[in-house]
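**Q** Sequence first, predicted coordinates after that:
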Amino acid sequence: MKRICKAVKRGLPLLVSLTFLGGCTAQTAVQGGDGKEITISVSDSENGYIALAAQRYQEKTGVKVNVEFIEESDKYVQITTAELLNQGGPDIVDASALNLYKTAEQGLLGDLNEYIGDKLSSSEYYLSMLDAYLYNSKRYTVPLNFNFYAYKPVDEAFTENGLDSKKGITAQGFEEIIEALPDDGSVKLSDGGGWGGMSGRDLFETLYGLEQERFFDMASKTVNFDGGEFESILGLVAKAQSKNILYSMEDTEDPSNYLFEEYAIYGPTNCHNGTVDYTGFDIMTNSSGKGMFSSNSFRPALNAGGKNKETAADFILFLLSEEMQSSPELIFSPVNRAALKITAKRQYESGVAEGYITDDFTAENLENNIKIFDEMSSRLGVINYPIPQIRSFIREEINPYIDGEQDAEQTLLNLQHKISTYVNE
Amino acid sequence: MYKKENIKAFLLMSPGLIGFFMFYILPFNFSVKYAFTDKPVKGEFAGFSNFTNLFGSQPFILGVTNTFKMLVICVPLSLVLALFLGETIHGLFKSRKISIFFMFPMAIPSACTAFLFRSFVSDNGFISRILGVQINWLDTERALLIAVVIYIWKNIGYNLIIILAGIAEIPVEYKEWAAVEGMGDIGYFFKIELPCLGSSIFIMLVMSIINVLKVFKELYMLSGNYPSEGIYMLQHYMNNQFLNMNYQNLTAASLVITVVTGLVLVLASRIILSGGEG
């Protein structure tokens, strides 16, 4: 027994050292070369756009595109990150489901600029939206579509309250607007656009969302919620609530007097109110003149360990092409400018044929809408809540503030701690 | 015959040794590799930069500070309480069965513990209602106190069992001799009983340190991955590094903790166990 113990005592350190050396030097051989087959994984039960693109790309180039659909987003994240960490997995992953910035920081995603950066121009695409996803000057993903909110000032309401509707709608300008409105609740900020109003939360998310770049930056690891600016947004929301100028789902009557009509815009002929004339519409902009947009469906990203990066990047460029972006399978609006016009005209013609676009919306209205939509889209450049974890922090802390259960100081201290910890980890 | 016994012994030990090697030594060695590379995949040798980044990382420093505060408060407190309860139970009761009541919290799953404490400390919880306020106490400066209470409540039974077992092992003759020598109860406790409990105290110390680190489970269930500043522990930092695939920071942190904890335990064993032998 003593001999065994001695042998174990002597042998174990040697064994440990050998495995240490083995662990340090172990590397997985990566085979290179772009082939005739790529794989793309999507966090969804199905995606007609990707399926169609796979089919058309194969017909054009002879490259087979295998599409894997993984419905549950948690399962998608687990499977995909494990594959990425093992230098395996699909050539293209779904960045909308992954923790994009943290995944990119670990070198698991490829830079699209290396392959297609020179092919992305502002004449062909709404480049400000594509560039909104740049991180540390690298392009890890691109949006394929977008939607946004627009507002139409009610000129009479502006004039009655001593405001100038021609000034444009800015996050900074809201302070003047809120100050000017009466305290008796006779005028509301917006008609709510049919979505249940502009509540305190909606107002906060709009004002914060537009200016979020002032409060944190993932690249430089700076967080600034405890400065004065965030507190002033909280103060504005509190003031708007106290002046009873917000309209929420709990209100029993529709507002009869409001400053803005609010619209969720999906395309030149397509907003949640139906098909309307966009004359007088405008987006709300931040201090840099940029508006906010959402792009929550599939967003392609390159697997840095993939064997067919060049082909995969070419497929992503195909997803952005006029041919694909003008197909009916793409929901919301395309980021390809030429495709936008084709889509708008197709939707107009089918709307007229099916009867939901009536005679009072003419082809001339359509051209006007396309022009206004194109102009508004060119100014969109702020992503609505780009980081889900930070959105979760914000909502956790803002909800008690809006409900009067937590004061502004505690709210911004909690946010400063949580977001600073997340950004700096 | 001797050789046969050796072979038998080795065969009996081998499953444990193989398991220890495969599930502790091997992964630990692979993790050391991550601590010295710059990326989890195709990483290049990064020297000690992960360690220097670690000590410059505000979340790591916060986690270490809070964990250190928990250790400094909870470990001595639980030792003292266990000793006090052990002496009381040993002195007052013939049977040690009463100690079972102190073991109940250990048997309760962490999720139930979290649920129980949430009912006390949330903004609509028992404490807020009594005081007529609406405060989530886990978001206040008292969050660490709540973590200490959770720890003590859950782990006092374990330490008590160890202490009672240690007290039971002290020969009765020592007490009789102390009485003959005119040594009072306090003198007997400090000069005879405490040194004899050296091994038990050392075990309690080791287990207390481990259990302080394990209180993360309840805190995670109460406050998620990013709790308030007062209860953001080292385990939160490491858990988040894992979720963010930052294996370099995770393994660098775990190496640092392994070394520091090892040094503390070696020091403690020399002080406590050698004192016991005296």
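**A** Perfect, I can see it now. Numbers count the residues shown, from 1 in each chain, chains lettered A, B, ... in the order given.

**Q** Name the residues that touch stretch B:98-118?
**A** Outside stretch B:98-118, the residues that touch it by Cβ atoms under 8 Å, 6 or more residues apart in numbering or on different chains are B:85, B:89, B:125, B:146, B:150, B:153-158, B:160-161, B:164, B:217-218, B:221-222. Any C-beta I mention is one placed from the backbone N, CA and C, and that applies to glycine too.

**Q** do that again at 7 Å, thanks
**A** Contact with stretch B:98-118 is made by B:89, B:125, B:146, B:150, B:153-158, B:160-161, B:164, B:217-218, B:221-222, as judged by Cβ atoms under 7 Å, 6 or more residues apart in numbering or on different chains.

**Q** quick one: pLDDT of the closest residue in space to B:Leu81 that isn't next to it in sequence?
**A** Nearest residue to B:Leu81, sequence neighbours excluded (Cβ to Cβ, 6 or more residues apart in numbering or on different chains): B:Ile156, at 5.8 Å. Per-residue pLDDT puts B:Ile156 at 91.

**Q** which ones are touching the residue in the stretch 201-350 of chain A that chain B sits nearest to?
**A** Residue nearest to chain B within the stretch 201-350 of chain A: A:Gly305 (6.0 Å; Cβ to the nearest Cβ). Residues counted as contacts of A:Gly305 (Cβ under 7 Å, 6+ apart) are A:Val30, A:Leu84, A:Gln87, A:Gly88, B:Val41.

**Q** May I ask which helix or strand encompasses it?
**A** Here A:Gly305, judged by DSSP states H and E, is contained in no helix and no strand.

**Q** Next one: it from B:Lys42, what distance?
**A** Using Cβ to Cβ, to the nearest Å, we find A:Gly305 at a distance of 7 Å from B:Lys42.

**Q** B:Asn6 and B:Leu12, how far apart?
**A** The spacing between B:Asn6 and B:Leu12, counted by Cβ to Cβ, is 11 Å.

**Q** The two: who's more crowded?
**A** B:Asn6 (16 against 9; other Cβ atoms under 10 Å in any protein chain shown).

**Q** Just confirm that one is within a strand.
**A** No: counting by DSSP: H, G, I helix; E, B strand; the rest coil, B:Asn6 is not found in a strand; it is helix.

**Q** any idea which helix or strand carries B:Lys33?
**A** Using DSSP H and E, B:Lys33 maps to helix B:26-35.

**Q** now that helix, how far from the centre of its chain.
**A** The chain centroid and the centroid of helix B:26-35 are separated by 24 Å under Cα atoms, centre = their mean, to the nearest Å.

**Q** That helix packs against which elements?
**A** Counting contacts by 3 or more Cβ pairs under 7 Å, 6 or more residues apart in numbering or on different chains; DSSP states H and E, helix B:26-35 packs against helix A:2-25, helix B:247-277.

**Q** Of all the residues in it, which ones are buried?
**A** For helix B:26-35, burial by neighbour count (16 or more other Cβ atoms under 10 Å in any protein chain shown) applies to B:Leu26, B:Phe28, B:Asn29, B:Phe30, B:Ser31, B:Val32, B:Lys33, B:Tyr34, B:Ala35.

**Q** and the next element down the chain from the longest strand seen in chain A?
**A** Secondary structure of chain A per DSSP state E: the longest strand is strand A:258-267. Going down the chain from strand A:258-267, the next helix or strand is strand A:270-271, by DSSP H and E.

**Q** Contacts made by that next one with the rest, please.
**A** Outside strand A:270-271, the residues within contact range by Cβ under 7 Å, 6+ apart are A:Tyr263, A:Ala264, A:Ile265, A:Gln347.

**Q** can you tell me which two in the contacts of A:Gly305 are farthest apart?
**A** A:Val30 and A:Leu84 (13.2 Å; Cβ to Cβ).

**Q** Among the two, which residue is more densely surrounded?
**A** Using other Cβ under 10 Å as the criterion, A:Val30 and A:Leu84 rank with A:Leu84 on top: 26 against 11.

**Q** correct me, but that one touches A:Leu108?
**A** Yes: counting by Cβ atoms under 7 Å, A:Leu84 touches A:Leu108, with 4.3 Å between them.

**Q** rewinding a little: give me the common contacts of B:Asn6 and B:Leu12.
**A** Between them, B:Asn6 and B:Leu12 share no contacting residue under Cβ under 7 Å, 6+ apart.

**Q** ok so, going back, now, the contacts of stretch B:98-118 that are in helices?
**A** Using DSSP state H, the subset of the contacts of stretch B:98-118 located in helices is B:89, B:146, B:150, B:153-158, B:160-161, B:164, B:217-218, B:221-222.

**Q** Nearest to B:Phe21, out of those: which one, please.
**A** For the ones in helices among the contacts of stretch B:98-118, the nearest to B:Phe21 is B:Lys217 (27.5 Å; Cβ to Cβ).

**Q** And for the residue nearest to the closest one when sequence neighbours are not counted, the neighbour number?
**A** Distances taken as Cβ to Cβ, 6+ apart place B:Ser110 nearest to B:Lys217, at 4.3 Å, with adjacent residues excluded. Around B:Ser110 there are 17 other residues, counting by other Cβ under 10 Å.

**Q** so how far is chain A from B:Ser110?
**A** Distance from B:Ser110 to chain A, counting by Cβ to the nearest Cβ, to the nearest Å: 21 Å.

**Q** cool, B:Leu85 as well?
**A** Distance, B:Leu85 to chain A, by Cβ to the nearest Cβ: 37 Å.

**Q** Is it correct that that residue is in contact with B:Leu160?
**A** Yes: because the distance of 5.3 Å satisfies Cβ under 7 Å, B:Leu85 is recorded as touching B:Leu160.

**Q** which one of these two has more residues nearby?
**A** B:Leu160 (26 against 19).

**Q** What residues does the more buried one make contact with?
**A** Contacts of B:Leu160 (Cβ under 7 Å, 6+ apart): B:Ala82, B:Leu85, B:Gly86, B:Ser99, B:Phe102.

**Q** Out of these, who's the most crowded?
**A** In terms of neighbour count, B:Ala82 stands highest of the contacts of B:Leu160 at 27 neighbours, by other Cβ under 10 Å.

**Q** that's a strand at that residue, yeah?
**A** No: read with three-state DSSP, B:Ala82 is helix and lies in no strand.

**Q** got the contact list for the residue lying closest to it once chain neighbours are set aside?
**A** Leaving aside its sequence neighbours, B:Ala82 sits nearest to B:Asn159 (Cβ to Cβ, 6+ apart; 3.5 Å). B:Asn159 sits next to B:Ser78, B:Leu79, B:Ala82, B:Met204, B:Ser208 when contact means Cβ under 7 Å, 6+ apart.

**Q** pretty sure the second one contacts B:Val206?
**A** To tie it back to what came earlier, the one meant is B:Leu79. No: using Cβ under 7 Å, B:Leu79 is not in contact with B:Val206, being 11.5 Å away.

**Q** Good, we can wrap up now.
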